[in-house]
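coords please:
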Amino acid sequence: MAADTRMIQGTAIIGQVTKIVRRDDGVLAGGAGDLAWVQAFHPWFLDGEEGDPPVVDESSKGIIVRSARKPFEVFESSGAFEYRASYVAFGTGKEFALGAMYAGATAQGAVCAAMKFDPGTGGKLTVLRHDKA
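Got it, this is the predicted structure:
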């Protein structure tokens with residue numbers, strides 16, 4: 001899993017944040033959109049997904065990836081669901097990232113492509129794998 005660290009509000013860059021996290025059991029999660037939602041989603045995930053997940057607003061999405069062989073769990077305003085695809089992308093740079101992955105890029109390469117062409121994607125590149133932080 002890969003992500004940038006840029007957080008925007010409208011067209012303004014408001015800071016750098018952690019968008020993807022890894023639990024001790026190797027399960028990965030990420031969030032995009034509203035900063036307050038992302039900052040609520042990560043602790044809920046890291047603390048073992050106890051109770052209901054934070055309510056997702058229209059501008060946010062989250063994902064949990066338990067293993068490379070299982071479907072992704074996607075969280076969005078219409079609810080949570082399993083997503084069975086070879087790859088997925090969220091955020092302002094998703095079109096660039098999806099195009100890059102369709103052309104054969106890794107998740108890391110896809111985020112780099114989005115960082116190159118989307119002004120809302122930037123900061124540092126973060127890469128996490130199931131087997132190591």
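
Against residue 43, how distant is the residue sitting furthest away from the middle of the chain?
Here the centre of the chain is the reference, and by C-alpha atoms, centre = their mean the most remote residue is residue 51, at 21.1 Å. According to C-beta to C-beta, to the nearest Å, residue 51 and residue 43 sit 11 Å apart. Quick note: C-beta positions are derived from backbone N, CA and C, even for glycine.

right, and residue 126 touches residue 20 too?
Yes: Residue 126 lies in contact with residue 20 (C-beta atoms under 8 Å); the separation is 5.7 Å.

Need the overlap of contacts for the two.
Common neighbours of residue 126 and residue 20 are listed as 2-3 (criterion: C-beta atoms under 8 Å, 6 or more residues apart in numbering).

If you count surrounding residues, which of the two has more?
The residue with more neighbours, out of residue 126 and residue 20, is residue 20; 22 against 17, by other C-beta atoms under 10 Å.

Next up, the contacts around the more buried one.
With contacts defined as C-beta under 8 Å, 6+ apart, residue 20 is in contact with 1-3, 28-30, 126, 128.

any chance of these in CSV, plus secondary structure, pLDDT and distance to residue 94?
Converted to CSV, these look like this (DSSP: H, G, I helix; E, B strand; the rest coil; pLDDT from 0 to 100; distance: C-beta to C-beta, whole Å):
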residue, secondary structure, pLDDT, distance to residue 94
1, coil, 96, 14
2, strand, 98, 13
3, strand, 98, 12
28, strand, 97, 18
29, strand, 97, 17
30, strand, 97, 12
126, strand, 97, 16
128, coil, 96, 18
